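Novice: show me how the following folds:
(one chain, ligands or ions: 3)
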Amino acid sequence: MKAVQVRKANELVIQEIEKPGISNPTDVLFKVKRVGICGSDMHIYHGTNPLATLPRIVGHEVAGEVVEIGQEVTGIKVGDHVVIEPIRYCGDCYACRKGRQNVCEKLSVFGVHEDGGMREWCVLPEKQLHVVDADLAWEEIVLAEPYTIGAQAVWRGEVEKGDTVLIQGAGPIGICILKMAKLQGASVMITDLSEERLAFAKENGADVTVLAGSENVRHRVEEWTNGEGANVVIDAVCLPMTFELSFDVVSTAGRIVVLGFDERTAAISQLPITKKEVSVKGSRLQTNQFPKVVSLLNDGKLRQEGLVTHTFSLDDVQEAFNFVESHPEQVRKAIIIFN
Ligand SMILES: NC(=O)c1ccc[n+]([C@@H]2O[C@H](COP(=O)([O-])OP(=O)(O)OC[C@H]3O[C@@H](n4cnc5c(N)ncnc54)[C@H](O)[C@@H]3O)[C@@H](O)[C@H]2O)c1
Ligand SMILES: [Zn+2]
Ligand SMILES: [Zn+2]
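Specialist: Ligands and ions are numbered 1, 2, ... in the order given. Reported below is the predicted structural model:
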């Protein structure tokens with residue numbers, strides 16, 4: 001079978017590898033149908049993801065159809081459509097005991113620390129798979145994983161109905177956060193440097209859009225919230241400057257949620273944190289968000305509505321990676337189709 005492997009930095013190959021089979025009684029064999037290309041796949045491709053060792057089969061946004069199950073599999077049957085939960089954890093460490101398996105000491109992310117899902121067939125334990133309604137289009141369900149990133153950020157920010165939420169950045173992750181925040185009943189302001197991305201955010205429910213760079217975000221937040229500040233600020237740009245801005249625009253008793261991996265320092269004083277008693281929270285991957293996202297998908301409450309802009313066949317995967325990179329203004333989410 002074919003698999004997409006980053007052999008070394010900047011070298012993507014379609015590799016012929018052996019088709020996997022069931023080896024444990026809790027295993028499920030599925031035919032991969034769709035895989036989303038994510039920013040982190042691009043980093044692995046360029047050899048700039050410090051967590052990924054090469055060679056690596058990439059892909060962690062995966063949807064497929066079950067073809068065989070192990071003897072102890074009880075919740076999944078042949079023919080089911082599934083999405084994968086890309087985290088494997090120890091179950092014993094402090095984070096795992098606290099129910100925060102996404103930050104397990106021994107965390108292994110599918111498609112990052114270990115080979116992922118950009119391949120024709122795949123085997124995973126039942127607990128890493130979630131069944132979705134078979135009537136839903138593959139292009140809808142392949143977004144389950146990025147939606148869980150949005151759900152996690154909203155959960156970390158304790159977003160409640162009526163809260164004012166400022167999302168910085170209207171890239172695919174900002175949009176997933178926006179969708180989840182709106183489902184939670186929040187009022188959302190979103191910023192970006194691109195008018196096109198802001199227009200798309202507006203179509204996806206953003207109450208207010210701000211063109212950062214030409215507009216003053218601080219003033220806009222102040223005006224929008226009558227001087228209160230945003231109750232939750234979620235940084236989906238992830239630069240030192242957006243991190244710093246978060247502290248200026250957050251309300252008293254507010255929450256700041258960060259998702260970035262930038263190692264550069266930001267200049268932040270203690271005063272706004274203490275004075276406003278702000279909580280600053282990291283949000284990494286997700287814990288327990290798949291069931292929520294799957295039920296929202298099944299109920300038709302989460303729809304991609306133009307988030308998927310491009311599809312490519314497996315044989316054109318190199319073209320897909322090149323296109324994603326060279327046309328950021330056109331690509332929201334690109335998907336590889338496996339047949
Ligand atoms: N923590 C996690 O689990 C997790 C998961 C996925 C992605 N991420 C991170 O989330 C971030 C966003 O991911 P993405 O795929 O949407 O990236 P992206 O690059 O597509 O989107 C970022 C957006 O921010 C906009 N932007 C840049 N500077 C800005 C500014 N000063 N103010 C407002 N907007 C600005 C850009 O125009 C772009 O639209 C990345 O840093 C990524 O590493 C984190
Ligand atoms: Zn991703
Ligand atoms: Zn653990």
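Novice: and stretch 35-51, average pLDDT?
Specialist: For stretch 35-51, the mean pLDDT works out to 94.
Novice: do that stretch and ligand 1 meet at all?
Specialist: Yes - between stretch 35-51 and ligand 1, judged by CB under 6 Å from any ligand atom, the touching residues are G39. Every C-beta, even on glycine, is put in place using the N, C-alpha and C of the backbone.
Novice: dump the residue contacts of R56.
Specialist: Neighbouring residues of R56 by CB atoms under 8 Å, 6 or more residues apart in numbering: 5-6, 44, 111-112, 115-116.
Novice: switch the cut-off to 6 Å
Specialist: Shown here is R56, whose contacts under the criterion CB atoms under 6 Å, 6 or more residues apart in numbering are 6, 44.
Novice: and the gap between it and A3?
Specialist: Counting by CB to CB, to the nearest Å, the gap from R56 to A3 is 10 Å.
Novice: and G254, by the same measure?
Specialist: With CB to CB as the criterion, G254 and A3 are 45 Å apart.
Novice: more neighbours, those two?
Specialist: G254 (27 against 24; other CB atoms under 10 Å).
Novice: which pLDDT value goes with that one?
Specialist: Looking at G254, the pLDDT reads 98.
Novice: over to E329?
Specialist: 88.
Novice: quick check, it in a helix?
Specialist: No - using DSSP: H, G, I helix; E, B strand; the rest coil, the secondary structure at E329 is coil, not a helix.
Novice: right, and ligand 1 sits closest to which residue of the protein?
Specialist: Proximity of the chain to ligand 1 (CB to the nearest ligand atom) peaks at G171, 2.0 Å away.
Novice: quick one: that residue from A186, how far?
Specialist: 19 Å.
Novice: which positions in the chain make contact with ligand 3?
Specialist: 89-90, 93, 96, 104 (CB under 5 Å from the ion).
Novice: can you say which of those are buried?
Specialist: 89, 93, 96, 104 (16 or more other CB atoms under 10 Å).
Novice: identify the farthest-apart pair in the residues you listed.
Specialist: Y89 and C93 (7.9 Å; CB to CB).
Novice: for the two, list the residues in contact with both.
Specialist: In contact with both Y89 and C93: C104, using CB under 6 Å, 6+ apart.
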